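Student: how does the following fold in three dimensions:
(one chain, ligands or ions: 2)
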Amino acid sequence: MSDTKSYRPRLAMTLGDPAGIGPEVVLKALAVPPVDCDITVVGSRSRLIATYQQLRSLKAALPLANPEQLQMLDVPLAPSLEQQIVVGQESVASGAASFRSLETAIDQALTGAFDGIVTGPISKAAWSAAGHAYPGQTELLAERAGVDRFGMLFVARSPHTGWCLRTLLATTHIPLRDVADALTPALLTRKLDLLIECLWQDFGLATPRIAIAGLNPHSGEQGKLGHEEQDWLIPWLQATRLRLPQLQLEGPIPPDTLWVKPGQAWFGTTHTPGFNPADAYLALYHDQGLIPVKLMAFDRAVNTSIGLPFVRTSPDHGTAFDIAGRGQADATSIMAALALAAEFCCERHRVAAAPSLSRLHDRKLSYKS
Ligand SMILES: NC(=O)C1=CN([C@@H]2O[C@H](COP(=O)(O)OP(=O)(O)OC[C@H]3O[C@@H](n4cnc5c(N)ncnc54)[C@H](O)[C@@H]3O)[C@@H](O)[C@H]2O)C=CC1
Ligand SMILES: NCC(=O)COP(=O)(O)O
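Tutor: Ligands and ions are numbered 1, 2, ... in the order given. The predicted structure is shown next:
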């Protein structure tokens, strides 16, 4: 293992769906990489070159990396698939391409060739059309890595105040109709414990304050507007506080008001003495957590998969087929994903290289509070 000063994270960066904005934001991000690390682009070289040429043909002079100068692990497409890819349209071919790129990056990360993967956005519908029945990239990553304990965490640093929003989703890509049945004390214990480990390992927060959302309006209003809080969520929280007395666990907080303090912390709109937003938020379902994240931080939030044996980050946005090929895609979120991946890799490397160091006395990572 190299010493901590000479260590450079080795990151794979997948192109995502080649018909979406993934290749464009990769070229924009790598024009001026935001971090000092070794980056290997994983995907179809010919699609990346085609994207480069298309963007260069636009009137506006966009800052773009030249694909010829990038380190690349080519995942070529069969000519029959290549011909079917139409920019701006998801298809069997685009789904097959993004799936193979991610598979390749995972295989390499598992051999130790990469410390982390930054994934470009994929279309779940295109994956499904191509015969890959996964709700998203997270589940493929977890399956191939052989872990059944994993989570989807969104991280964003406020450009206004420097405050860091961290939101873990207890359930992810399932229909709203199924959410209440999927939520159980065992699931919440698994997700909360993962979050606590991540806050310690990656953010150096040993005794975090975590806010946990309720499920129903007003957290059920004592059972009048829904009963899950009374039936098991409040008892589970009481038992968890006894199990983890060193932590501050707040909740179940009514889901609408849960986001007032993060909003104030993000925009710097309160000067109330003792103002204390939480270190992390546990949302019970996808849109409960991601509507506030995207309202505050759509341009810069990072999706990170926790519980994997390697680092994985991704922009929070999707394939944006509506603007693909036009040069309009904002690369800030994928640049933040690169920066966060590099920071996590450095932190994990430093701890592995010098396990006796007290991590809390040397907190330099920019995503740490
Ligand atoms: N990391 C990933 O792999 C993600 C993939 N998706 C997938 O993406 C596909 C499309 O999802 P949508 O809900 O339409 O969300 P989307 O994020 O692709 O697009 C939503 C809106 O935001 C705009 N937008 C998105 N990213 C942008 C950027 N970087 N710069 C400028 N404008 C941007 C789009 O033009 C569109 O108007 C779906 O298949 C979804 O599953 C969605 C989120 C994350
Ligand atoms: N809404 C988040 C999202 O769609 C990303 O999912 P994944 O592909 O990272 O699992």
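
Student: the residue in the stretch 201-350 of the chain that ligand 1 sits nearest to: neighbour count?
Tutor: Using C-beta to the nearest ligand atom, the single residue of the stretch 201-350 of the chain nearest to ligand 1 is residue 318, 2.2 Å away. From N, CA and C alone the C-beta is placed, and that goes for glycine too. The number of residues packed near residue 318 is 15, by other C-beta atoms under 10 Å.

Student: same deal with the one 5 residues further on?
Tutor: The local packing count at residue 323 equals 15, with neighbours defined by other C-beta under 10 Å.

Student: and it, what does it touch?
Tutor: Contact analysis of residue 323 by C-beta atoms under 8 Å, 6 or more residues apart in numbering lists 21, 329.

Student: tell me how many other residues crowd residue 178.
Tutor: Residue 178 is flanked by 11 other residues according to other C-beta under 10 Å.

Student: that one: what secondary structure?
Tutor: The three-state assignment at residue 178 reads helix, by DSSP: H, G, I helix; E, B strand; the rest coil.

Student: from ligand 2, how far off is it?
Tutor: 16 Å (C-beta to the nearest ligand atom, to the nearest Å).

Student: for the residue of the stretch 151-300 of the chain found nearest ligand 2, what are phi and psi?
Tutor: Across the stretch 151-300 of the chain, the shortest distance to ligand 2 (C-beta to the nearest ligand atom) belongs to residue 290, at 5.9 Å. Note on residue 290: its backbone torsions stand at phi -90, psi -20 [degrees, to the nearest 10].

Student: residue 150 now?
Tutor: Per degrees, to the nearest 10, the backbone of residue 150 is at phi -150, psi 170.

Student: spatially nearest residue to it (excluding sequence neighbours)?
Tutor: Excluding the flanking residues, the one nearest residue 150 by C-beta to C-beta, 6 or more residues apart in numbering is residue 307, at 3.7 Å.

Student: what about that neighbour, neighbour count?
Tutor: 23.

Student: do a quick rundown of the helices in this structure.
Tutor: Using DSSP state H, the helices assigned to the chain run over residues 22-31, 45-56, 79-84, 92-111, 124-129, 137-145, 176-182, 185-203, 228, 234-243, 260-267, 286-297, 332-353.

Student: hang on, the earlier thing: any idea how far the residue of the stretch 201-350 of the chain closest to ligand 1 is from residue 158?
Tutor: Per C-beta to C-beta, to the nearest Å, residue 318 is found 23 Å from residue 158.

Student: so how far is residue 126 from residue 90?
Tutor: Distance of residue 90 to residue 126, computed by C-beta to C-beta: 4 Å.

Student: now swap in residue 20 and tell me
Tutor: Between residue 20 and residue 126 the computed distance is 9 Å (C-beta to C-beta).

Student: okay, and the common contacts of those two?
Tutor: Common contacts of residue 20 and residue 126 (C-beta under 8 Å, 6+ apart): 90, 94.

Student: what's the burial count for the closest residue to residue 229 other than its chain neighbours?
Tutor: Leaving aside its sequence neighbours, residue 229 sits nearest to residue 220 (C-beta to C-beta, 6+ apart; 4.0 Å). Neighbours of residue 220 under the rule other C-beta under 10 Å: 21.

Student: any low-confidence regions in the chain?
Tutor: 1-4, 353-369 (pLDDT under 70).

Student: the residue nearest to residue 230 when sequence neighbours are not counted: how many residues sit nearby?
Tutor: Using C-beta to C-beta, 6+ apart and skipping residues adjacent in sequence, the residue nearest residue 230 is residue 223, 4.6 Å away. Around residue 223 sit 12 other residues, with neighbours defined as other C-beta under 10 Å.

Student: cool, and the one 4 residues further on?
Tutor: For residue 227, the number of neighbouring residues by other C-beta under 10 Å comes to 15.

Student: ok, the residue lying closest to it once chain neighbours are set aside - contacts?
Tutor: Counting by C-beta to C-beta, 6+ apart, residue 220 is the residue found nearest to residue 227 once chain neighbours are left out, at 6.3 Å. Residue 220 is in contact with 214, 226-230, counting by C-beta under 8 Å, 6+ apart.

Student: sorry, back to before: the residue nearest to residue 150 contacts residue 141, correct?
Tutor: No. Using C-beta atoms under 8 Å, residue 307 is not in contact with residue 141, being 9.7 Å away.
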